[in-house]
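[1] Return atomic coordinates for the entry below.
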Amino acid sequence: MKVTIIGCSGSFPGPDSPASCYLVEAEGFRLLLDFGAGALGVLQRHIGLYDVDAICLSHLHADHCLDMCGYHVARTYGPEAPYPRVPVIAPADASKRLAAAYGMPDEPALETAFDFRTLTPGTFEVGPFTLTARLVNHPVEAYGFRVSHGGRAIAYSGDTGESAELVKLAEDADLMLCEASFVDRPGLPADLHLSGRQAAVHAAKARAGRLVLTHLVPWNDQATVLDDASRGGYGGPIELARSGAVYDLA
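    Numbers count the residues shown, from 1 in each chain. Presented below is the predicted three-dimensional model:
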């Protein structure tokens, strides 16, 4: 199993990265976790434009799903269209919400390019992967994911405040991609985002093998976010996410 960070910028694209998007590959199957603003362009540095086999969306905020609109254009009007519809596992109303973002009628919406399937908590198969989805703490319906294959596992927080469900998802995972949107300080809003320190606390509780801090908001000093994480009681390796970084879990 190989993980490539396509985008790791929080809330909007930064100067060095698109918004949230992660490419997970095994046995020739290519799965995207989220498809945020700016991700479609960078994705093409790593795989072909039409090589995506499935997409899972953690929630429907623009920084996690907006480039679905551009990818709809590519798959609907490309030179060899129509291309096979890509399964998209996403919260309810994803098709309607993305159609509104694109400015098109509800029907057929983006169904010409995508086969939308409603995401609910539980465990299911996507290609060669076993995915577990759990609700996490965010102002909208939002999920964290655990992706397993060949005895290896990664956990992805999506967007969340402090969450016992995230700890369960990341239990003994080889790699934890955990959001760290906040610089740590007293009185942080509940059920919204995590600081680097809080991300490390979750990783320590889960006994995750490696912590990668992601959803890095461009206005924050990233060295401060990393320093915050060093105070979270986690003993494993910690690093900041970087667009283009590759983690081979073979």
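[2] tell me the strands in the protein, going along the chain?
    If you assign secondary structure with DSSP state E, the strands in the chain sit at 2-7, 21-26, 29-33, 54-56, 86-90, 114-118, 122-126, 129-135, 143-149, 152-156, 175-179, 211-214, 238-240, 246-248.
[3] Quick check: which of the ones you listed is buried the most?
    strand 175-179 (a mean of 29; mean count of other C-beta atoms under 10 Å). C-beta: built from backbone N, CA, C; applies to glycine.
[4] Can I get that one in CSV? Just the C-alpha atoms.
    Extracted as CSV, the C-alpha positions of strand 175-179 are listed here (Å, rounded to 0.1, in the frame of the first residue of the first chain):
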residue,chain,number,x,y,z
LEU,A,175,0.4,5.9,9.4
MET,A,176,-1.9,8.5,10.9
LEU,A,177,-2.8,11.5,8.7
CYS,A,178,-4.2,13.8,11.3
GLU,A,179,-5.4,17.4,10.9
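[5] and that strand, how far from the chain's centre?
    Put simply, strand 175-179 sits 9 Å off its chain's centre (C-alpha atoms, centre = their mean, to the nearest Å).
[6] Report the strands that pair with it, each with its relative direction.
    Strand 175-179 has these partner strands in its sheet, going by DSSP bridges: strand 152-156 (parallel), strand 211-214 (parallel).
[7] and the longest one with strand 2-7, angle?
    For strand 152-156 and strand 2-7, the angle between their directions (axes from the mean of the first three to the mean of the last three C-alpha atoms, to 10 degrees) works out to 20 degrees.
[8] And the contacts of stretch 114-129?
    Judged by C-beta atoms under 8 Å, 6 or more residues apart in numbering, the contacts made with stretch 114-129 from elsewhere in the structure are 1, 24, 26-27, 29, 31, 53-57, 68, 72, 75, 85-92, 94-95, 110, 130-135, 143, 147-149.
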